[in-house]
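Asks: prediction below, plus the sequence it came from.
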Amino acid sequence: MTNRISRSTSPRRFPLLCAFAILGAASAAAQTFTVTPSSITYPKENVGLQSACQPVVVTNTGTTNLTVTSFTLTPFMVFQLQYGYAPKTLIPKQTSTYCIKFVPQAAQAYTGQISITIAGVSNPAVVTFTGTGTTTTATASVTPNTLTFAPQPLGTTTSQTVTVMNTGHAAFHLSSVTDEPPFSVSGFTTSVAIQPGKSFSFQINFTPTQAVQYTNSAYLALDVIPGLSVSLLGSGSTPSGLAITSFPTLPSVTQKASYLANLVASGGTAPLTWSLVSGALPAGLTLSPSGSITGTSTGGVGIFPVTVQVKDSAVPPKTATATLTLPVAAYVTGAKCNNISWNVANTTNPLVALPDLGTGTYLGYEGGLYPNGQNTPPASQLAAAMSYAQNIGPLNASGQSDPNGSYALMSVGVSITRTIWDEFGPMEVADPALHSHLVLVNAAIDGTNSPDWTSPSAGTWLTITNYYLPYQNLTANQVVAAWIMMPHSNQNGVYPNDMQNQENDLIAVLQNLHTFFPNLQLAYVSSLHYGGYQPSKSYPEPYTYEFGLAVQNVIADQVNGNPALNNNPANGPVMAPLLLWGPYMWENGLLPRSDGLTWGCQDVTSDGLHPSAGGRNKAAGLLTTFFKSDPTTTPWYLHP
């Protein structure tokens, strides 16, 4: 999904700003640091948009620890902090990054600065900023902005037309249109210029793969004005006969890497037999009679359409055909793209997503998202959550009910969390289904690990209260819900002992959330996506999988009355918000879970961990579906 952050340029590099020497009281060793660059010039930016953030990097070049005690930004609303925090202590050679974006408030030239205070240094280090705000007379509308698809039999596609109109006096470009299966786009392939008084139309298609209800959004990125969203709703119905129910675009193939795609059909008499009718699979891949496309891609990149057939065992046999597309992309250099699934240690049994594992076990521990292998909250937990949800409403700055006030849902977590929310936030801010008083706040911070959030005196919390909330004209009293993805990196050992730090960190974070945000009622926790493509040890398998078990345990602790997580004032001091699962993100690589979700090497960047543009879009789609459909979120997330 395309970020609402507009065109980016690389930061200008300048000579080092400073190299201060500090003599310690008990040591003659020099303590030095650098702050780079000395100044940043941002490209011109339209009012209503924001630039890509530019990094200001503090490096401890000395031989003793150095502490960044604080920083300030001016003008406050124009040069905004995207991530970074203080106080923060840096060991020798360690860096701390403050990434600053330009958010013009008017069509004028701006100058500003970040002032960084170092412990023991009398004068702060200063980096100066310049930028110019501009305006445009382009304006846009989208019709319709809500699409509802009638129940559609699996294996079939229906389409509706969407029209983007330029209602202003200057041209703009429709840069991209993004959505998630079972929705797709046709009639749009590349950036389109739309002149004043003109329009452009394309189709949004609905191809359900399961007989369930789907809700999501399509995001229309524009180049010089904020993007638009179309709210989507549809449901699948059981086909009357044999039908191929795989989504028409299969998971991406990675060049020179192992591949797996299991084709799916509904109806008919088992066993089913699959065959290739026309077209050619990418070189190195084959389709088995059981419907698995496997092998290692040895050809070039491109788009490969093929027509497949499935035949059942009835007499006479029934058949169904479908045209599917296999996109082949280049190898993700740096990632371990051949690790397309992961097994339980010392077995050939693949890891099973917790919702699919249910009452089954992993190393003797039960699956499911909630106690007793269940995927829905216990009745008492659900009843309490529904009560909170029904009573959430607009608040004033003091946290008192106010029909003209606002309330906030914010993200809390690490860089992965932030990048996912950067996709989700702009799309949902423009979603016509969003409650008009709800404000979405990205409060996740790059460069952090869950231990950086466990202390109430940690600078991470000050970044939220001093920057992220004021940028949205909010106070800590107006935060009512949070989405948390807070992994502990570099785990080791065997479950469950390896997850003890993760569980302890989550408990501390939840307690801090209650302390800093007294009206925060509901906390939704997600675990990470598949980690098998990582070349490093940050969040490898099976620890990304076991992170889900840690979340499961912390929620079970609250359900079972752990005083450290008490949410009921009748049972003693309230220590934490009420806990529920958010969207469960983990999937076993290209081995699809029961809802068909996969996570391929094309969904990650070169580190094998951080989501690529496609991965961010996929994760943001899970968030959107969750918040627009969960019974504990819809009363306050959706517009009445």
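Replies: Alright, I've got the coordinates.

Asks: which ones are touching residue 212?
Replies: 235, 236 (Cβ atoms under 8 Å, 6 or more residues apart in numbering). No exception for glycine: its C-beta is placed from N, CA and C like everyone else's.

Asks: and it, what are its phi and psi?
Replies: Note on residue 212: its backbone torsions stand at phi -140, psi 170 [degrees, to the nearest 10].

Asks: distance of it from residue 125?
Replies: According to Cβ to Cβ, to the nearest Å, residue 212 and residue 125 sit 55 Å apart.

Asks: ditto for residue 106
Replies: For residue 106 relative to residue 125 (Cβ to Cβ), the value is 29 Å.

Asks: of the two, which one has the most company?
Replies: When neighbours are counted by other Cβ atoms under 10 Å, residue 106 and residue 125 differ, and residue 125 comes out ahead with 22 against 10.

Asks: got the contact list for the residue positioned nearest the centre of the chain?
Replies: For the chain, the residue nearest the mean C-alpha position is residue 420 (2.1 Å; Cα atoms, centre = their mean). Counting by Cβ under 8 Å, 6+ apart, residue 420 makes contact with 411, 485, 611, 616, 619, 620, 623.

Asks: tell me the secondary structure at the last one.
Replies: When classified by DSSP: H, G, I helix; E, B strand; the rest coil, residue 623 comes out as helix.

Asks: what's the nearest residue to it if we skip its chain neighbours?
Replies: Spatial nearest neighbour of residue 623, chain neighbours left out: residue 424 (4.7 Å); criterion: Cβ to Cβ, 6 or more residues apart in numbering.

Asks: now for the one you found, how many residues are close by?
Replies: Residue 424 has 26 nearby residues by other Cβ under 10 Å.

Asks: how about the closest residue to residue 431 other than its chain neighbours, phi and psi?
Replies: Closest residue to residue 431 apart from its sequence neighbours, by Cβ to Cβ, 6+ apart: residue 229 at 4.4 Å. When read as degrees, to the nearest 10, the backbone of residue 229 gives phi -130, psi 150.

Asks: so how many other residues sit close to residue 229?
Replies: Neighbours of residue 229 (other Cβ under 10 Å): 23.

Asks: please apply the same query to residue 217.
Replies: Neighbour number of residue 217 under other Cβ under 10 Å is 31.

Asks: can you check residue 409 too?
Replies: Residue 409: 25 surrounding residues under other Cβ under 10 Å.

Asks: that one belongs to a strand?
Replies: Yes. Using three-state DSSP, the assignment for residue 409 is a strand.

Asks: residue 474 is in contact with that one, correct?
Replies: No. Applying Cβ atoms under 8 Å, one finds residue 409 not in contact with residue 474, separated by 11.0 Å.

Asks: anything in contact with each of those two?
Replies: Joint contacts of residue 409 and residue 474 (Cβ under 8 Å, 6+ apart) are 439, 441.

Asks: can you pull the buried residues of the helix or strand harbouring residue 554?
Replies: Secondary structure from DSSP states H and E places residue 554 in helix 543-559. Judged by neighbour count using 16 or more other Cβ atoms under 10 Å, the buried positions of helix 543-559 are 543-559.

Asks: quick one: it to chain centroid distance?
Replies: 19 Å (Cα atoms, centre = their mean, to the nearest Å).

Asks: which strands or helices does that helix pack on?
Replies: helix 354-357, helix 379-391, helix 500-516, strand 522-525, strand 578-581 (3 or more Cβ pairs under 8 Å, 6 or more residues apart in numbering; DSSP states H and E).

Asks: ok, residue 403 - contacts?
Replies: Per Cβ under 8 Å, 6+ apart, neighbours of residue 403: 393, 394.

Asks: thinking again about what came up before, right, so of the helices and strands packed on helix 543-559, which gets closest to residue 155?
Replies: Proximity to residue 155 (Cβ to Cβ) singles out helix 354-357 among the helices and strands packed on helix 543-559, at 22.8 Å.

Asks: ok, then the element right after that closest one?
Replies: Downstream of helix 354-357 (by DSSP H and E), the next one is strand 361-362.

Asks: what's the average pLDDT for that following strand?
Replies: Mean pLDDT, strand 361-362: 98.

Asks: run through who's touching that strand.
Replies: By Cβ under 8 Å, 6+ apart, strand 361-362 touches 344, 351, 352, 367, 495, 545, 549.

Asks: wait, which of the residues you listed is closest to residue 478?
Replies: Once Cβ to Cβ is applied, the member of the contacts of strand 361-362 that ends up nearest residue 478 is residue 549, at 33.5 Å.

Asks: check contacts around that closest one.
Replies: Residue 549 touches 354, 362, 365, 495, 496, 499, counting by Cβ under 8 Å, 6+ apart.

Asks: can you select the buried ones from the residues you listed in PyMOL?
Replies: A single PyMOL command selects the buried members of the contacts of residue 549 (16+ other Cβ under 10 Å):
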select buried, resi 354+362+495+499
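
Asks: JSON lines for the contacts of residue 549, including distance to residue 374?
Replies: What follows is the contacts of residue 549, written out as JSON lines (distance: Cβ to Cβ, whole Å):
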{"residue": "354", "distance to residue 374": "11"}
{"residue": "362", "distance to residue 374": "16"}
{"residue": "365", "distance to residue 374": "15"}
{"residue": "495", "distance to residue 374": "20"}
{"residue": "496", "distance to residue 374": "20"}
{"residue": "499", "distance to residue 374": "20"}
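
Asks: quick check, nearest of the contacts of residue 549 to residue 305?
Replies: Scanning those for proximity to residue 305, where the rule is Cβ to Cβ, the winner is residue 354, at 35.5 Å.

Asks: quick one: residues contacting the closest one.
Replies: 367, 368, 369, 548, 549, 552, 584, 586.

Asks: ok, now with 7 Å
Replies: 367, 368, 369, 548, 552, 584 (Cβ atoms under 7 Å, 6 or more residues apart in numbering).
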